[in-house]
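S.K.: got a sequence here, can you model it:
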Amino acid sequence: MNEKIKTICIKYLMYDADIEELEILENWLKKSKNKQLFANYLKINYAMDININPFDTEKSINDFLESIRNEQRNSKKLRLMRVFRYAAAAIVIGIFATAYFFNDDLFGKSNEDIPKITNQDIILPGTDRATLTLEDGSQIVLQKGKSIQTDNANSNGETLIYEARSSITDEIVYHDLNIPRGGQYYVELSDGTKVWLNSETHLKYPTSFIKGKSREVQLVYGEAYFEVSPSTEHNGSKFKVHSPSQEVEVYGTEFNIKAYKDESVTYTTLVGGKVGVNVNGVKQNLVPSQQLSYDTGTEQVKVSVVDVYSEISWKDGIFSFEDKSLQDIMKVLSRWYDMEVVFENEKIKNEEFFGLLRKDQKIEKIIATIKEYGIIKDYEFKDKILMIK
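M.R.: Reported below is the predicted structural model:
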């Protein structure tokens, strides 16, 4: 399956494919070998969602027929053909999804007997929450349902927005935003730069920037997605992101930095535009879809082309795992669900798993599905600890 078809498949699964893309998918599915590839891809990449939210084939067919009736009444033949092709593609996908995700020979029993977490420490998906530390050291807890306002910022509980203003002095006032395990947050800086912060992340930044000087922030640790307001809108002022092992110079762009305390490798992924990454005095420019990884232990720098969607989907409520080991996947899940993961069987840490996970799913169902693939033999939840056997 080529990258273009993979991209269309992902967009279809995320309800984001347009008519032209679905036409491409439909034509590609006309070959029997492609149908098998497509079904296998669905099985691998969408099993978790489909187990929880079964595809309603009958409803899709009824919707399709209703679309035809409406178009016939309106006598718009051209649109009818396009609706027909869209609906046909949806029905084909529905048939394959149903056949492959509810076949007992492939999956055994469905998740009917998923073990419940019976102790007092219930493991829940993460939510929008953070702690804001002001310049005087005082702290404000940000969370859903709680609005706050400071001198030049306000929060509705889910976002933190700073007013657009320029300092008239040379003194910079800093705020710190700490995202705990089981949290995420969105902040818009005073220059209009947008930042999405993942679980267990600490960002330090000025409450306003000095006109004519570089705009600089510090990703102390964690993961953040930046959509930077371009320098052309700020009298040429550059934007820089400092992290423990590198400096990223930005030219008005979108990129992701992953620099966790418990991981030796820092990853910088460019989505669009251009950035320069400075590591140990050596600068490397990146182009879109490139990722620079820096291993602090070996001091090795590597630039490679990656699947950008898999790297940044976390900010849109999706975990996309491709070529990831079970150990790496569990690190991500442990941060989001604020739990500890213990491998009783060390041999399975490097087993690879492919899949898309919605971040609002219950952890019990996710682990039960992984078990159905035969990657793990058994598991147990106890006091916010997941023991994998």
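
S.K.: help me confirm that I376 comes into contact with M387.
M.R.: No - counting by CB atoms under 8 Å, I376 stays clear of M387, with 10.3 Å between them. Just so you know, the C-beta spots here come from the backbone N, C-alpha and C atoms, and that holds for glycine as well.

S.K.: more crowded one of those two?
M.R.: For I376 versus M387, the count of surrounding residues by other CB atoms under 10 Å is larger for I376: 19 against 15.

S.K.: which residues touch that one?
M.R.: L326, N345, I348, I367, I370, I388, K389 (CB atoms under 8 Å, 6 or more residues apart in numbering).

S.K.: 7 Å instead, please
M.R.: Listed by CB atoms under 7 Å, 6 or more residues apart in numbering, the contact set of I376 reads I348, I370, I388, K389.

S.K.: same thing with F319?
M.R.: By CB under 7 Å, 6+ apart, F319 lies in contact with S313, V332, L357, K359.

S.K.: distance of the first one relative to E249?
M.R.: Read it as S313. Counting by CB to CB, to the nearest Å, the gap between S313 and E249 amounts to 26 Å.

S.K.: cool, F239 as well?
M.R.: Distance of F239 to E249, given as CB to CB: 8 Å.

S.K.: those two: which has the busier surroundings?
M.R.: Set F239 next to E249 and count neighbours by other CB under 10 Å: F239 wins out with 25 against 17.

S.K.: quick one: the more buried one and K213 touch, right?
M.R.: No - because the distance of 11.2 Å does not satisfy CB atoms under 7 Å, F239 is recorded as not touching K213.

S.K.: for K315, which three-state class applies?
M.R.: Put simply, K315 is helix when judged by DSSP: H, G, I helix; E, B strand; the rest coil.

S.K.: ranges for the helices of the protein?
M.R.: According to DSSP state H, the chain carries its helices in the segments 3-13, 19-28, 32-45, 47-52, 57-74, 77-101, 104-107, 308-312, 326-337, 363-372.

S.K.: among the contacts of F319, which two are most distant?
M.R.: S313 and V332 (11.3 Å; CB to CB).

S.K.: low-confidence ranges in this structure?
M.R.: 11-17, 19, 39-121, 166-169 (pLDDT under 70).

S.K.: now the angle between helix 326-337 and the longest strand seen in the chain, please.
M.R.: Looking across the chain with DSSP state E, the single longest strand is strand 215-227. Relative orientation of strand 215-227 versus helix 326-337 (axes from the mean of the first three to the mean of the last three CA atoms, to 10 degrees): 110 degrees.

S.K.: need the CA coordinates for strand 215-227. PDB is fine.
M.R.: These are the backbone C-alpha positions of strand 215-227, laid out as PDB (Å, rounded to 0.1, in the frame of the first residue of the first chain):
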ATOM      1  CA  ARG A 215      11.300  36.000  21.100                       C
ATOM      2  CA  GLU A 216      12.600  33.100  23.200                       C
ATOM      3  CA  VAL A 217      10.800  30.400  25.200                       C
ATOM      4  CA  GLN A 218      12.100  27.400  27.100                       C
ATOM      5  CA  LEU A 219      10.700  23.900  26.800                       C
ATOM      6  CA  VAL A 220      12.200  22.700  30.200                       C
ATOM      7  CA  TYR A 221      11.000  19.100  29.500                       C
ATOM      8  CA  GLY A 222       8.100  17.300  27.800                       C
ATOM      9  CA  GLU A 223       6.400  17.600  24.400                       C
ATOM     10  CA  ALA A 224       5.000  20.700  22.700                       C
ATOM     11  CA  TYR A 225       3.600  21.500  19.300                       C
ATOM     12  CA  PHE A 226       4.300  25.100  18.100                       C
ATOM     13  CA  GLU A 227       2.500  27.100  15.500                       C
END
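
S.K.: so what does that strand touch, helix or strand wise?
M.R.: Judged by 3 or more CB pairs under 7 Å, 6 or more residues apart in numbering; DSSP states H and E, strand 215-227 is in contact with strand 194-197, strand 201-206, strand 239-243, strand 254-259.

S.K.: just give me the residue right at the centre of the protein.
M.R.: What sits nearest the mean C-alpha location of the chain, by CA atoms, centre = their mean, is W314, with 1.4 Å.

S.K.: OK, contacts around it?
M.R.: Contacts of W314 (CB under 7 Å, 6+ apart): N198.

S.K.: spit out the contact partners of K238.
M.R.: Contacts of K238 (CB under 7 Å, 6+ apart): S214, R215, S231, E249.

S.K.: please redo it, this time with the cut-off set to 6 Å
M.R.: By CB atoms under 6 Å, 6 or more residues apart in numbering, K238 lies in contact with S214, S231.

S.K.: what of G145?
M.R.: Here G145 is in contact with G157 (CB under 6 Å, 6+ apart).

S.K.: how does this protein divide into domains?
M.R.: Domain assignment for the chain, taken from automatic domain parsing, gives 3-107, 127-306, 317-388.

S.K.: now do the second one: distance to the chain's middle.
M.R.: When you say that, I think you mean domain 127-306. Chain-centre distance of domain 127-306: 17 Å, with CA atoms, centre = their mean, to the nearest Å.

S.K.: same question, the last one
M.R.: Its chain's C-alpha centre and that of domain 317-388 lie 16 Å apart, by CA atoms, centre = their mean.

S.K.: buried ones in stretch 290-303?
M.R.: Using 16 or more other CB atoms under 10 Å as the test for burial, stretch 290-303 gives Q290, Q291, L292, S293, Y294.

S.K.: same list (the residues you listed) but as a markdown table, adding distance to G183.
M.R.: A markdown table is the format used below for the buried residues of stretch 290-303 (distance: CB to CB, whole Å):
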| residue | distance to G183 |
| --- | --- |
| Q290 | 29 |
| Q291 | 25 |
| L292 | 27 |
| S293 | 25 |
| Y294 | 26 |
